[in-house]
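# Provided below for reference: sequence and predicted model.
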Amino acid sequence: MKIPAKFRMLVFPFLMTFSIGISLSGILLFVREGFVDDFFQKWMSNFISTWLIVLPVALVVIPIVNRITDAIVEKQ
């Protein structure tokens, strides 16, 4: 079963921010602290706090960026 197309503008930012947030929070934690004993717990804590900020921002910014892109890129 697929999600209806009308929810695309919610699903896309959800998946995009999830994938970027989880990868960057893990990489930055590793660079900052290395692979410590409680790495996974710190990673998930960092990811969740970051994602709670990034997801709402993306929901607002993505439509704006789409409109700007449409204005400056030729239509096919």
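Great, that's in hand.
# Every contact and neighbour count from this point should use C-alpha atoms.
OK.
# Could you find the residue nearest the spatial middle of the protein?
Most central in the chain under C-alpha atoms, centre = their mean is T17, positioned 0.9 Å from the mean C-alpha point.
# so that residue sits right up against A58, yeah?
Yes - in this structure, T17 is within contact of A58 by C-alpha atoms under 8 Å, at 7.5 Å.
# Phi, psi for K75 please.
Backbone torsions for K75, taken as degrees, to the nearest 10, come to phi -80, psi 150.
# contacting residues around it?
Under the criterion of C-alpha atoms under 8 Å, 6 or more residues apart in numbering, K75 has no contact partners.
# Look up the pLDDT of it for me, please.
With respect to pLDDT, K75 scores 87.
# can you check K2 too?
Looking at K2, its pLDDT stands at 93.
# Number of residues surrounding it?
Using other C-alpha atoms under 10 Å, the number of residues around K2 comes to 4.
# V11 versus that one, what's the distance?
Noted for K2: a distance of 11 Å to V11, by C-alpha to C-alpha, to the nearest Å.
# hey, what's in contact with both of those two?
Joint contacts of K2 and V11 (C-alpha under 8 Å, 6+ apart) do not exist.
# one step back: for the residue nearest to the centre of the chain, give its distance to Q76.
Distance, T17 to Q76, using C-alpha to C-alpha: 28 Å.
# Please give me every residue in contact with W51.
Residues near W51 by C-alpha under 8 Å, 6+ apart: 17-18, 21.
# If you could redo that for I3, that was the one I meant.
I3 neighbours (C-alpha under 8 Å, 6+ apart): none.
# Which helix or which strand is home to it?
Per DSSP states H and E, I3 falls between elements, in no helix or strand.
# Sort out which residues of the helix ranked longest in the chain are buried, please.
Counting residues, the longest helix found in the chain (DSSP state H) is helix 39-72. Within helix 39-72, the residues scored as buried using 16 or more other C-alpha atoms under 10 Å are 43, 46-48, 50-51, 54-55, 58-59.
# Closest to V65 out of those?
Nearest to V65 among these is A58, at 9.9 Å by C-alpha to C-alpha.
# ok, now which ones touch the residue nearest to the closest one when sequence neighbours are not counted?
Of all residues not flanking A58 in the chain, P13 sits nearest, at 6.1 Å (C-alpha to C-alpha, 6 or more residues apart in numbering). By C-alpha under 8 Å, 6+ apart, the contact list for P13 reads 55, 58-59, 62.
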